[in-house]
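Q: got a structure for you, letters missing:
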């Protein structure tokens, strides 16, 4: 069965790749605790021991006792001997080196990155290692954009999160189009889906809030500090469910499908007419009304009826602007 | 015998051998290839070579003697081993942060694992001591492969899930890699559609397969122009629009729109702005997102589209 064979080959490649970094590491650090290898290389302990047991029966011809790699596991520590030919890791493949290099370049474009000086020297060393023949092919073919106008707010919030400093911000709530001044305790700053977010305790709402950095109009340091509450940072869901959520039901047309990627939706059902029904939980209807308006007919409100009424009302109010001559 | 054991033995043999070894030489000393059917042993060896190449081990053919009569396999140590790169502790940390964008591992992480093995820095201690910096968004596992194809001017094929419509196969002549608003994009000519398109790498669903030589980008192609994106869509905007924003939203509309120019602030506080625009649905949709807090006065074609959509949404042909 060629499929199964290809999969077995892929698995062997992954295990080989892993073993060829673990062995040089143990050769350099004799007696490394298994726990350290598990954590550092992200391997499960069972797999690691299985791989080491295979190593133990490998070596050079004629594969007599004196030709085999020596592996000892004692008291949860690992020693490897008779494998000097594996004392250095394999070179980076072109695509490994390029992936790391480009990710580094992208990160360098992030505003307020404290690691920036170290990262740029590390990337320069990587460039030297990559050699001209790899990088010259990319000259003029890679462009990395920065964070735009959010730089200042992001940089200030990151610094404050690190030093646990309370901030006062002017924040723009989309949907209600309100500008409010809030005192916040920022704990994390991260980027997701192309936007920067500040995770903070909001003293105005007396609750945890996620602020989009581009909607922070101004930031002021208060001079006070705070004790972190252990809020979740990067990788968290952008929407926090609650029992008070209103389950909005929408039918999305093909060009409104991006909504499913951008917001957390549930109960997705593809209809025969090409539209997709989704439930979008929300705490605020005016915001969803704006979203539906923006989708310009590509989204139909199925539920609740008051949302459909809000959309009609918003459309009429907007039309009104075009009926009355500008001031 | 486990394939992994056979692969390790093969690498060890070729690294330690003083001269290139023919398959027959290898077969003579490695019991793993000594089955009676020589053809199937050879096939197994060919597959093993593919795995080694996939892992990045430079197995190559070279003459076994000065007379060039026979070719054998070898692994040259200098091309196998990672050269010494002296990274400082801070540099190792910075690379760790770069390699570990949230929610993915992949090639950048493998590269990091290799590089950090030869440094004296205690990576675990560094990881424990510091809080992770914000990462950029996950680019998916294909960044390295796409960059490699771009650098070597190869066309690529992959399965892609567009933001609108069904997933499908794409064949692309790569023009550039662009990092825009937290995402990596491949910009290139979509062979099926015969025009330049932008592909978000996180939406690539399959491995990236190389097809052969790629067509070069059109004369005057500028990768950095692809960084520009805004209400008008991607690339350089073709038109300008005049919009008045209410005092509540004006600051945000202006701050979040690259290239917006304030024309004047009216006595009622509304701000008239000249913004980069296009006659596309996405631009109309951007103006609509402000609701009654924005009024577009031109171009005419955009205004007509906008009003038509509003009338449909108002559900009563704007009584």
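A: Structure's in. What do you need? Because the structure is a prediction, the values reported are computed rather than measured.

Q: Now do residue B:299: how many residues are near it, please.
A: Using other C-beta atoms under 10 Å in any protein chain shown, residue B:299 has 14 neighbouring residues. Quick note: C-beta positions are derived from backbone N, CA and C, even for glycine.

Q: in chain B, which spans are strands?
A: Here chain B has its strands, by DSSP state E, at B:59-63, B:71-75, B:154-160, B:168-180, B:183-190, B:195-200, B:209-213, B:229-230, B:233-234, B:239-245, B:261-265, B:271-277, B:294-298.

Q: What strands flank the longest one, and is each parallel or antiparallel?
A: Right, the one you point to is strand B:168-180. According to DSSP bridges, strand B:168-180 forms sheet pairs with strand A:142-144 (parallel), strand B:154-160 (antiparallel), strand B:183-190 (antiparallel).

Q: List the buried residues for it?
A: For strand B:168-180, burial by neighbour count (16 or more other C-beta atoms under 10 Å in any protein chain shown) applies to B:170, B:171, B:172, B:173, B:174, B:175, B:176, B:177, B:178, B:179, B:180.

Q: worst average pLDDT in the strands paired with strand B:168-180?
A: Ranked by mean pLDDT, those bottom out at strand A:142-144, with a mean of 83.

Q: How far away from the center of its chain is it?
A: Its chain's C-alpha centre and that of strand A:142-144 lie 20 Å apart, by C-alpha atoms, centre = their mean, to the nearest Å.

Q: What average pLDDT does the helix or strand just after that strand get?
A: Remark: after strand A:142-144, the chain's next helix or strand is helix A:151-163, criterion DSSP states H and E. In this model, helix A:151-163 has an average pLDDT of 84.

Q: Can you name the next helix or strand after helix A:151-163?
A: strand A:165-173.

Q: Counting neighbours, which bits of that next one end up buried?
A: Within strand A:165-173, the residues that count as buried by 16+ other C-beta under 10 Å are A:165, A:166, A:167, A:169, A:171, A:172.

Q: Could you list which of those also contact chain B?
A: Contacts with chain B are made by residue A:172 out of the buried residues of strand A:165-173, judged by C-beta under 8 Å from any C-beta of the partner chain.

Q: Relative to chain B, which of the buried residues of strand A:165-173 is nearest.
A: Chain B lies nearest to residue A:172 out of those, by C-beta to the nearest C-beta, at 5.2 Å.

Q: Just name the most buried of the strands paired with strand B:168-180.
A: With neighbours taken as mean count of other C-beta atoms under 10 Å in any protein chain shown, these reach their highest mean count in strand B:183-190, at a mean of 24.

Q: relative to strand B:195-200, how tilted is that strand?
A: Between strand B:183-190 and strand B:195-200, the angle comes out at 160 degrees (axes from the mean of the first three to the mean of the last three C-alpha atoms, to 10 degrees).

Q: what's strand B:183-190 in contact with?
A: Strand B:183-190 has contacts (C-beta atoms under 8 Å, 6 or more residues apart in numbering or on different chains) with A:102, A:106, A:194, B:137, B:139, B:143, B:146, B:150, B:156, B:170-179, B:195-202, B:214-215, B:217, B:223, B:226.

Q: follow-up on the earlier one: among the buried residues of strand B:168-180, which one has the lowest pLDDT?
A: residue B:180 (77).

Q: Leaving out chain neighbours, which residue sits closest to it?
A: Nearest residue to residue B:180, sequence neighbours excluded (C-beta to C-beta, 6 or more residues apart in numbering or on different chains): residue A:145, at 4.9 Å.

Q: OK, contacts around that neighbour?
A: With C-beta under 8 Å, 6+ apart, residue A:145 has these contacts: A:109, B:178, B:179, B:180, B:181, B:227.

Q: What residues are bridge-paired with residue A:183?
A: With DSSP bridges as the criterion, residue A:183 is bridged to residue A:168.

Q: For chain B, see how far away it is.
A: Distance, residue A:183 to chain B, using C-beta to the nearest C-beta, to the nearest Å: 21 Å.

Q: Next, count neighbours for that residue.
A: Quick note: residue A:183 (other C-beta under 10 Å) scores 17 neighbours.

Q: Residue A:205 is in contact with that one, correct?
A: No - here residue A:183 does not reach residue A:205: they are 10.7 Å apart, not a contact under C-beta atoms under 8 Å.

Q: For the residue in the stretch 101-250 of chain A positioned nearest to chain B, list the residues it contacts.
A: Per C-beta to the nearest C-beta, residue A:137 is where the stretch 101-250 of chain A lies closest to chain B, at 3.0 Å. Contacts for residue A:137 (C-beta under 8 Å, 6+ apart) come out as B:150, B:151, B:152, B:153.

Q: For these, give me a markdown table that also has pLDDT, distance to chain A and neighbour count.
A: What follows is those, written out as a markdown table (pLDDT from 0 to 100; distance: C-beta to the nearest C-beta, whole Å; neighbours: other C-beta atoms under 10 Å in any protein chain shown):
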| residue | pLDDT | distance to chain A | neighbour count |
| --- | --- | --- | --- |
| B:150 | 94 | 6 | 24 |
| B:151 | 91 | 3 | 23 |
| B:152 | 91 | 6 | 15 |
| B:153 | 94 | 7 | 15 |
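
Q: Low-confidence stretches in the stretch 51-200 of chain B?
A: B:101-105, B:120-140, B:164-165 (pLDDT under 70).

Q: tell me, what residue is most central in chain B?
A: residue B:143 (3.3 Å; C-alpha atoms, centre = their mean).

Q: quick one: contacts for that residue?
A: Contacts of residue B:143 (C-beta under 8 Å, 6+ apart): A:98, A:99, A:102, A:103, B:106, B:107, B:108, B:177, B:184, B:201.

Q: Look up how far residue B:143 lies from the last one.
A: Plainly put, residue B:201 is 6 Å away from residue B:143 if you go by C-beta to C-beta, to the nearest Å.

Q: Would you mind splitting the chain into its domains for me?
A: All of this is about chain A. A:2-86, A:94-138, A:149-225, A:246-323 (automatic domain parsing).

Q: wrong one, I was asking about chain B
A: B:3-80, B:89-129, B:143-223, B:230-314.

Q: Give me whichever of these is most buried.
A: For the domains of chain B, the largest average neighbour count (mean count of other C-beta under 10 Å) is found in domain B:89-129, namely a mean of 20.

Q: residue ranges with poor pLDDT in the stretch 201-319 of chain B?
A: For the stretch 201-319 of chain B, residues meeting the criterion pLDDT under 70 lie at B:227-229, B:234-235, B:316-319.

Q: burial measure for residue A:60, as a count.
A: Using other C-beta under 10 Å, residue A:60 has 21 neighbouring residues.

Q: Confirm for me that it is in contact with residue B:15.
A: No - counting by C-beta under 8 Å, residue A:60 stays clear of residue B:15, with 9.5 Å between them.

Q: Do a quick rundown of the helices in chain A.
A: Assigned by DSSP state H, the helices in chain A fall at A:2-28, A:34-41, A:45-55, A:94-108, A:116-130, A:132-135, A:151-163, A:258-262, A:285-294, A:305-323.

Q: and among the ones you listed, the most buried is which?
A: The highest mean neighbour count among these, using mean count of other C-beta under 10 Å, belongs to helix A:94-108: a mean of 25.

Q: And chain B, is it touching that?
A: Yes - interface with chain B: helix A:94-108 contributes A:94-100, A:102-107 (C-beta under 8 Å from any C-beta).

Q: Run through the neighbouring helices and strands of that helix.
A: helix A:116-130, helix A:132-135, strand A:142-144, helix B:89-99, helix B:107-117, helix B:143-151, strand B:168-180 (3 or more C-beta pairs under 8 Å, 6 or more residues apart in numbering or on different chains; DSSP states H and E).
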